[in-house]
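**Q** kindly generate the corresponding structure for this input.
(one chain, ligands or ions: 1)
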Amino acid sequence: MLVLQNFIGGEFLDAKVANFIDSYNPSTGKVYAKIPDSTEDDINFAVEAAHKAFTKWSKTHRSVRANIMYRIADILESRQKEFAEAEVRDQGKTITFATNIDINRSIYNFRYFAGYLLHMEEKASILDGRAFNYVKRTPSGVAGLISPWNLPLYLLTWKIAPCIAAGCACVCKPSEFTSVTAFMLCSVLKEAGLPDGVVNMVFGTGPNAGQALVAHPKVRLISFTGGTVSGLKVNTTASMHLKKVSLELGGKNANIIFEDCDFENAVTTSIKSSFSNQGEICLCGSRIFVQSSIYQKFLDAFVPKARDMIVGDPTDPQTEVGALISKSHMEKVLGYIELAKQEGGVIECGGGRKELKGELCDGYFVEPTVITNLKPSCRVAQEEIFGPVVTIHPFETEEEVINLANDSPYGLSCSVWSQNGSRMRRVAEAIDVGTVWVNCWLWRDLSMPFGGTKKSGVGREGGEYSMEFYTEQKTVCLAD
Ligand code: NDP
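**A** Residues are numbered from 1 along each chain as shown. Below is the predicted model of the structure:
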């Protein structure tokens, strides 16, 4: 049995109170690791370690910081297979997705922000020929970084990389469901020569360790990715201390398919945007709107592809859909399928738990499920299901579909499929979300701002936006 320890001040330590949380392999339904159920005492200890490290790290030359980050990326890359396999065991995702997306992008997070750091420039101006103004940027302090279970290492490193590039120190609280790759990362950080205490990892639950981290007075900023309900709690606690907060929250994203699209590409990519990572990506397009003239043609192409997806052993490179994160999450997803039936939905394919044999017989597998005949306003089409379940709705006009897409409490992302240039731009600009993909999905340029509107979050991260978050900017005005 794998037993995790916290990583504080460069040392692996047991939590002060020796309580543990069971961590399950979602494919087998069996406990395979024990996670420390850390408390406020552990958080306090970690924040002190981060605070101490911050003094020196914040003054370390940027080329030194960048070199360490490049080394972290190189070591991660040399252990890519091991990390991908660990993510599969811990999260239930497929080995193909873990390798190509999770671990690949984790490596890139460090490389990108190391490079960014070396090329940063500051603004300067001359005021009326009499005074020289410039911006002095300083790291903000100790950050609390809280991450979810769906893309464990990828989203954690998306926070750690800009944080340490900016010269901040941090205390991280990964999801209790997926702590293993975060634990493995600690040895990589040590091997790469990151000074002790710059990154600290405290494992445990949101209400205990997470809440204590958000409430700690010496933690100046919080970067949180997770559900909207938890995000609201985090925001409430953080605002009591006037902390800087970045919230990346849930989504219920529209995928709009116009009759003038590249049909093959739209269908193939929509299969990915619906069911990749078992539909457990905040950016999945779970509300599909198809123009009525091609509605039936789209169903005839999409449904058989969804039905034929290989659901099963996530360690097999042929597998396309792995296991959901937990039994309770699987039950929630199945509950939404039942609700869809009550709301008058037609289950075009899937609709139930996927029963597998042998070691996987207790795994949390759900068939890719396509539902039609639902009103876009019903609960199944409005609430975030976060599983391999999509609803498909017909629409007539551009104006109608813009209204339908915007009729959501969320505003994270949207996909648009059309080959008409002016329509692409018109629709992209009219949808109230943080990211619009036109004729693609999940492509990410890390220099672009990332975040959501409405209940999908507050703030933007990526490139200069992350640097703004992790630093304070001071204007210095020098007169003769
Ligand atoms: P949760 O909100 O349940 O948890 C996210 C993290 O926050 C976990 O580490 C959790 O701890 C912790 N947490 C929970 N409550 C608190 C609290 N009161 N104070 C401090 N920390 C807390 O989300 P999930 O892990 O279930 O992730 C799925 C959600 O994340 C979906 O809604 C998805 O859309 C969203 N998400 C958003 C993304 C974006 O970029 N916008 C990207 C990826 C996911 P623990 O669970 O260990 O108890």
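**Q** do you know how far the closest residue to residue 409 other than its chain neighbours is from residue 170?
**A** Spatial nearest neighbour of residue 409, excluding adjacent residues (CB to CB, 6 or more residues apart in numbering): residue 455 at 4.7 Å. (Glycine included, C-beta is placed from N, CA and C.) Per CB to CB, to the nearest Å, residue 455 is found 26 Å from residue 170.
**Q** who has more neighbours out of those two?
**A** residue 170 (28 against 22; other CB atoms under 10 Å).
**Q** sec struct for the more buried one, please.
**A** What DSSP: H, G, I helix; E, B strand; the rest coil gives for residue 170 is strand.
**Q** tell me the contacts of it?
**A** Neighbouring residues of residue 170 by CB atoms under 8 Å, 6 or more residues apart in numbering: 50, 142-145, 159-160, 163-164, 198-200.
**Q** output the contacting helices and strands for the helix or strand of the chain with the lowest mean pLDDT.
**A** Across the helices and strands of the chain, mean pLDDT, DSSP states H and E gives its lowest value to strand 124-127, namely a mean of 93. Contacts defined by 3 or more CB pairs under 8 Å, 6 or more residues apart in numbering; DSSP states H and E place strand 124-127 against strand 131-139.
**Q** need the residues that contact the strand it packs on.
**A** With CB under 8 Å, 6+ apart, strand 131-139 has contacts from 54, 57-58, 120, 122-127, 166-168, 467, 470-480.
**Q** which ones among those residues also lie next to the ligand?
**A** Checking the contacts of strand 131-139 against the ligand by CB under 6 Å from any ligand atom, not one of them is in range.
**Q** show me those residues that map onto strands.
**A** 124-127, 471-479 (DSSP state E).
**Q** top of those residues by neighbour count?
**A** residue 471 (22 neighbours).
**Q** need the residues of the protein near the ligand, please.
**A** 146-150, 155, 173, 175-176, 205-207, 210-211, 214, 225-227, 230, 233-234, 248-251, 282, 384, 386, 412, 452, 456-457.
**Q** mark which of those residues are buried, thanks.
**A** 146-150, 155, 173, 175-176, 205-206, 210-211, 214, 225-227, 230, 233-234, 248-251, 282, 384, 386, 412, 452, 456-457 (16 or more other CB atoms under 10 Å).
**Q** which ones among those residues map onto helices?
**A** 155, 211, 214, 230, 233-234 (DSSP state H).
**Q** leaving out the residues flanking it, which one is nearest to the residue nearest the centre of the chain?
**A** Centroid-nearest residue in the chain, with CA atoms, centre = their mean: residue 155, separated by 4.7 Å. Excluding the flanking residues, the one nearest residue 155 by CB to CB, 6+ apart is residue 147, at 4.8 Å.
**Q** ok, that neighbour touching residue 172?
**A** Yes. Using CB atoms under 8 Å, residue 147 makes contact with residue 172 at a distance of 7.2 Å.
**Q** anything in contact with each of the two?
**A** 156, 159, 182.
**Q** residue contacts, the second one?
**A** Put plainly, it is residue 159. Going by CB under 8 Å, 6+ apart, residue 159 touches 143, 145, 147, 170, 172, 223, 225, 461.
**Q** what distance do you get for the closest residue to the fourth one other than its chain neighbours to the ligand?
**A** Closest residue in space to residue 170, ignoring its immediate chain neighbours: residue 143 at 4.5 Å, by CB to CB, 6+ apart. In this structure, residue 143 and the ligand are 14 Å apart, going by CB to the nearest ligand atom, to the nearest Å.
**Q** am I right that residue 143 is in a strand?
**A** Yes. Secondary structure assignment places residue 143 in a strand (three-state DSSP).
**Q** residue contacts, it?
**A** Contacts of residue 143 by CB under 8 Å, 6+ apart are 159, 163, 168-171, 219-223, 470.
**Q** if you set the cut-off to 6 Å instead, what comes out?
**A** By CB atoms under 6 Å, 6 or more residues apart in numbering, the contact list for residue 143 reads 163, 168, 170, 221.
**Q** any idea what it is bridged to?
**A** residue 170, residue 221 (DSSP bridges).
**Q** is residue 309 in a helix, a strand, or coil?
**A** coil.
**Q** residue 339: neighbour count?
**A** 16.
**Q** oops, could you answer that again for residue 198 instead?
**A** Residue 198 has 26 neighbouring residues, counting by other CB under 10 Å.
**Q** ok, it touching residue 58?
**A** No. Residue 198 is not in contact with residue 58 according to CB atoms under 6 Å; the separation is 9.7 Å.
**Q** picking up where we left off before, going by distance to the ligand, which of the contacts of residue 159 wins?
**A** residue 225 (4.8 Å; CB to the nearest ligand atom).
**Q** ok, now which ones touch that closest one?
**A** Applying CB under 6 Å, 6+ apart, one finds that residue 225 lies in contact with 147-148, 155, 248.
**Q** swap in 8 Å and give it another go.
**A** Here residue 225 is in contact with 146-148, 155, 159, 247-249, 282 (criterion: CB under 8 Å, 6+ apart).
**Q** repeat for residue 227
**A** Counted by CB under 8 Å, 6+ apart, residue 227 has contacts 148, 249-250, 384.
**Q** swap in 6 Å and give it another go.
**A** Residues near residue 227 by CB under 6 Å, 6+ apart: residue 250.
**Q** residues in contact with the residue in the stretch 251-400 of the chain positioned nearest to the ligand?
**A** Nearest to the ligand in the stretch 251-400 of the chain, going by CB to the nearest ligand atom, is residue 282, at a distance of 3.3 Å. By CB under 6 Å, 6+ apart, the contact list for residue 282 reads 251, 412.
**Q** now the one 3 residues further on
**A** Listed by CB under 6 Å, 6+ apart, the contact partners of residue 285 are 253, 255, 273, 415.
**Q** can you do 10 Å?
**A** 251-257, 269-270, 272-274, 279, 390, 413-415, 437, 441-442 (CB atoms under 10 Å, 6 or more residues apart in numbering).
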